[in-house]
Each structure stands twice: as C-alpha cells, then as structure tokens.
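>>> Quick one: sequence plus predicted model below, questions after.
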Amino acid sequence: MGQNWASAAHAIEEQDLECAKLSPKTWAAWCMHIRLYMQDRTRQTPVEPTVVIAEDNDVLRGQIARAVRDMGWRALEVRDGRELLDLLREQPSLVGTGMLVTDVRMPRVDGLEVLVELSSSHSRVPTVLITAFADDETKQMARALGASMVFSKPFDVDDLCTALQYLKQAQS
C-alpha cells in the first residue's frame, strides 16, 4: 500500500475506487482507518467564532459586524433582543460556541432582558453589553446577570474586537 491515508481518503471521497486500489479483503480495514482519519480532520478544522450583534442602530451594528468579519469571524446581525433570542432558539449551537454583543436599550426586548432569559435557561454565552446609559447601577446589574463586559458608547470598535478575542481565548 504505497498510498498515504490522506490520498486514499481523497480517492474514496471522490468515489475513485480504481485509484484507491483496495482489495475486498482490506476494504473493511481501510474504511475504519479512513473514518478515523476523517474524524480527526474534522476535529482539526478550526471553527470560526460567531458573534451575534444585537443593536437597533443600523450604522453601529454594521460597523461592529464589519470589524468582526475583518477578524475572519462570522457576524450575525439582529435589530433587537427578540430577534436575538429567536436566533438562539433556532441555532442552539450558538449558545456553546458563540458570543454576543448587545445594546442595553432596544425596542421590544432589551439587552438586560436577554441576559435574564439566558440565565433563566441556564445558558452561558460570553456577552458584551454596549450602552449609552452606563451608570453604575446598570453595569452592576449587567454583571450580576452574566455580562462578561460592559462598554459605554461611544467606544472604539477595535477595543471591542480586542475584548471579543480575549473572551474567545477564555472560552477555549
């Protein structure tokens, strides 16, 4: 068997059994090794971080999303807390792998209500709250409800990205 596992796996993926040159006797053993190889390859594929941005200001939401995408990460944009909670219900994997950036004051459901909902469902998602109303009471309440950080508007989007990178490292 002069071929390495990767080229044999590729040949099998491409359904090129002639190229794989496997006898029926070794087929079962190869299949087992190929499955293990494919599982390892899948595990080693880095998953790009996903940041969900809930902000009712279209311009600011777009700026944050662009900065997140410039880091090579995935950005999902929603306009308020209700859309954010709906998205988390539709894509529950975000709870274990994603991060949130949410404004405090938004129509329908605000950022603090999002934190209440997440904590009542025992869901832990690294969350950065952004607010123009960053009095001490709001900051304390946000942290008590599970916010990782609170940024006061206006803020530097680069600082927010640095904070997200820190949270991602802490999450790993």
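That came in fine, so what should we check first? Residues are numbered from 1 along each chain as shown.

>>> Show me where the chain has its helices.
Along the chain, counting by DSSP state H, helices occupy 5-13, 17-20, 24-44, 58-70, 81-90, 93-97, 111-120, 136-144, 157-171.

>>> Compare the mean pLDDT across the ones you listed and name the weakest.
For the helices of the chain, the weakest mean pLDDT is recorded on helix 17-20, namely a mean of 48.

>>> Gln63: what's its closest spatial neighbour, skipping adjacent residues?
In this structure, Gln63 finds its nearest non-sequential neighbour in Val157, 5.7 Å apart by Cβ to Cβ, 6 or more residues apart in numbering. Glycine gets a C-beta too; all of them are placed from N, C-alpha and C.

>>> Near that neighbour, how many other residues are there?
Applying other Cβ atoms under 10 Å, we find 16 other residues in the vicinity of Val157.

>>> Touching, it and Ala65? I think so.
No: taking contacts as Cβ atoms under 8 Å, Val157 lies outside contact range of Ala65: 10.1 Å.

>>> so what's in contact with the two at the same time?
Common neighbours of Val157 and Ala65, counting by Cβ atoms under 8 Å, 6 or more residues apart in numbering, are absent.

>>> hmm, back to that, which residues does the residue nearest to Gln63 contact?
Neighbouring residues of Val157 by Cβ under 8 Å, 6+ apart: 63-64, 67.

>>> how close does it sit to Ser93?
Val157 sits 26 Å away from Ser93, going by Cβ to Cβ, to the nearest Å.

>>> go on, Arg79?
For Arg79, the distance to Ser93 - Cβ to Cβ - is 22 Å.

>>> before we move on, what about Phe151?
26 Å.

>>> quick check: domain ranges of this structure?
5-44, 50-171 (automatic domain parsing).

>>> Just name the most buried of those domains.
Neighbour counts (mean count of other Cβ atoms under 10 Å) averaged over each of those peak at domain 50-171, with a mean of 17.
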